[in-house]
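Asks: need a structure here:
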Amino acid sequence: METEALALAQEMDFSMWGLFARATLTVKLVMVVLVLASFWAWAIIIQKLIAYRAARAEARRFDAAFWSGEPLDELYAALGPDPAGRAERVFAAGMGEWQRSHTGDGGLIAGVQSRIERSMDVAIARESEELQKGLPLLATVGSTSPFIGLFGTVWGIMHAFIQIAEAGNTNLAVVAPGIAEALLATGLGLLAAIPAVIFYNKLSADADRIVAGYEAFTDEFATILSRQLDG
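Replies: Got it, this is the predicted structure:
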């Protein structure tokens, strides 16, 4: 009897597709949700890696142009009021306010420096929000996927016990499929959660560093304006 059970178990398909095909509807739904969550997370990860790399490259190019010695008015005229680059938009916000603060006789409206700093801070906040868009979804996938997988595991084990009770025996051919399905749900949950958590931490740190660069530039720009105003 035991030999027949072992032979029957060996004939079963324990591939991922085979386990999915034999799973209950609830466990199948759990697996589908976890696979979709994993693809969703990887789509965000790849998009953010590309976007952050482009933002760092653009910031380096703009930094080189800013410190090249070209007059700031000419640089602003070349970029325009709504440039494509993130660092350029922060600069354009400050320069736009600087030009609007000049009176018809060439003087300056009082409080120009504080207005410029506020304009650039608003631009930085806008860029920071754009950079971090999608990261909360990664955090959600990373925090919920293990529990969704655990739900599938519990349901699969419960179904295995029901099969044992209905079959009236505990041989391997009866127990193995349900346990394997349950473990697959756990594995898919971890497969979705682990990359999401790792890249959420990495991408959050990358976004903070990019924004810190914009804030440092704002301080440098404010220092330059302060010297001009004092002069």
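
Asks: other residues contacting stretch 111-128?
Replies: Stretch 111-128 has contacts (Cβ atoms under 8 Å, 6 or more residues apart in numbering) with 86, 89-90, 92-94, 96-98, 101, 207, 211, 214-215, 218, 221-222, 225-226, 229. The C-beta positions use only the backbone N, C-alpha and C, and glycine is treated the same way.

Asks: stretch 83-91 now?
Replies: Under the criterion Cβ under 8 Å, 6+ apart, residues 55, 58-59, 61-63, 66, 75-76, 79, 82, 92, 120, 123-124, 126-127, 130-131, 210, 213-214, 217-218, 221 lie in contact with stretch 83-91.

Asks: circling back to that earlier point, show the buried residues in the contacts of stretch 111-128.
Replies: Buried positions within the contacts of stretch 111-128, assessed by neighbour count (16 or more other Cβ atoms under 10 Å), are 86, 89-90, 92-94, 96-98, 101, 207, 211, 214, 218, 221-222, 225.

Asks: what mean pLDDT does the helix or strand hosting residue 213 get?
Replies: Using DSSP states H and E, residue 213 maps to helix 172-230. Per-residue pLDDT over helix 172-230 has a mean of 87.

Asks: what of stretch 57-65?
Replies: Predicted confidence along stretch 57-65 averages 94 (mean pLDDT).

Asks: buried ones in it?
Replies: In terms of neighbour count (16+ other Cβ under 10 Å), stretch 57-65 has its buried residues at 58, 59, 62, 65.

Asks: what about the closest residue to the third one other than its chain neighbours, which helix or strand?
Replies: Read it as residue 62. For residue 62, the nearest residue in space outside its immediate sequence neighbours is residue 87; the separation is 4.3 Å by Cβ to Cβ, 6 or more residues apart in numbering. Assigned by DSSP H and E, residue 87 belongs to helix 86-100.

Asks: could you point out which element follows that helix?
Replies: On the C-terminal side of helix 86-100, the nearest following helix or strand under DSSP H and E is helix 112-132.

Asks: how far off helix 172-230 does that next one point, in degrees?
Replies: With axes from the mean of the first three to the mean of the last three Cα atoms, to 10 degrees as the criterion, the two stretches helix 112-132 and helix 172-230 enclose an angle of 160 degrees.

Asks: mind listing what's buried along helix 112-132?
Replies: Judged by neighbour count using 16+ other Cβ under 10 Å, the buried positions of helix 112-132 are 112-113, 115-117, 119-121, 123-124, 127-128, 131.

Asks: following it, which helix or strand comes up?
Replies: Toward the C-terminus, helix 112-132 is succeeded by helix 135-167 as the next helix or strand (DSSP H and E).

Asks: list the helices and strands that following helix packs on?
Replies: Helix 135-167 makes packing contacts with helix 25-66, helix 172-230 when contacts are defined by 3 or more Cβ pairs under 8 Å, 6 or more residues apart in numbering; DSSP states H and E.
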